[in-house]
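Visitor: Sequence isn't available, so here's the structure alone:
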């Protein structure tokens, strides 16, 4: 797991979860590859790691990537970092996550907005600033009523990845139970969204790599 993904995961736990509460946290794509969110979760949590293959940090191996072996409304928080780009039909996974979450339950998504082609075993997607809102609209069409609490694109840290980060609550009626936002604790970010506010916060048309290329070339279109 790259450095910015670890930083963002830790910020999610610090912002949204009560450190002393015995919550059940489900990690999708939990295999420990150069680090894991498990090490950052509150100590009181019951932490369950699932993945599509066995490995360090994996408690449950999924037979079906679109079916979680947990009861309806049984999970307090689901986290997934650097995984959804490898899920061929991630929108089905999103609905399955909503199924197992409690009404006030949270889903933390971290997926690349750019970066190298890397197959585990496939590499299918990158996530742009409107992705979180689109997932909410898909879920509403599927019979759920989630809300996007916040989303943003993070700046890189010692790597090529620009993380798209989004936090959802399963039931929009439970928004008030989660008043804090990661955005309030970040010095800088790109293309943010905050529940209840219109428009894009800190809008930036060009991705970080593209903006850097334009500065280096002195050309508004980079090398185009």
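Guide: Nice, I can see it. As the structure is a computational prediction, the values presented were derived from the model and not from experiment.
Visitor: What is the burial count for residue 31?
Guide: Residue 31 sits with 19 neighbouring residues when counted by other CB atoms under 10 Å. In this view, the C-beta of every residue, glycine as well, is placed from N, C-alpha and C.
Visitor: I'd assumed residue 56 was in contact with it.
Guide: Yes - at 6.6 Å, residue 31 counts as touching residue 56 under the criterion of CB atoms under 8 Å.
Visitor: And the helices in this structure, which stretches?
Guide: 3-16, 90-100, 131-141, 208-217 (DSSP state H).
Visitor: Grab the longest strand from this structure for me.
Guide: strand 101-112 (DSSP state E).
Visitor: Show the contacting residues for residue 124.
Guide: By CB atoms under 8 Å, 6 or more residues apart in numbering, the contact list for residue 124 reads 85, 86, 87, 88.
Visitor: The last one - nearest residue in space that isn't next to it in sequence?
Guide: If the residues on either side of it in the chain are set aside, residue 88 comes closest to residue 124, at 5.7 Å by CB to CB, 6 or more residues apart in numbering.
Visitor: and the one you found, how far is that from residue 158?
Guide: Separation of residue 124 from residue 158 (CB to CB, to the nearest Å): 25 Å.
Visitor: So which of the contacts of residue 124 are in strands?
Guide: In strands, judged by DSSP E, none of the contacts of residue 124 are found.
Visitor: residue ranges with poor pLDDT in the protein?
Guide: For the chain, residues meeting the criterion pLDDT under 70 lie at 1, 210, 213, 219-224.
Visitor: switch the cut-off to 90
Guide: For the chain, the stretches flagged by pLDDT under 90 are 1-5, 18-21, 32-35, 52-53, 65, 82-83, 85-88, 113-126, 156-162, 205-224.
Visitor: the strands in it, which residues?
Guide: With strands called from DSSP E, the chain shows them at 24-28, 46-51, 60-61, 75-81, 101-112, 147-153, 163-169, 190-194.
Visitor: check contacts around residue 119.
Guide: Taking CB under 8 Å, 6+ apart, we find residue 119 in contact with residue 86.
Visitor: From the contacts of residue 124, keep the buried residues only.
Guide: 85, 86, 87 (16 or more other CB atoms under 10 Å).
Visitor: closest to residue 191 among those?
Guide: Proximity of the buried ones among the contacts of residue 124 to residue 191 (CB to CB) peaks at residue 85, which lies at 17.9 Å.
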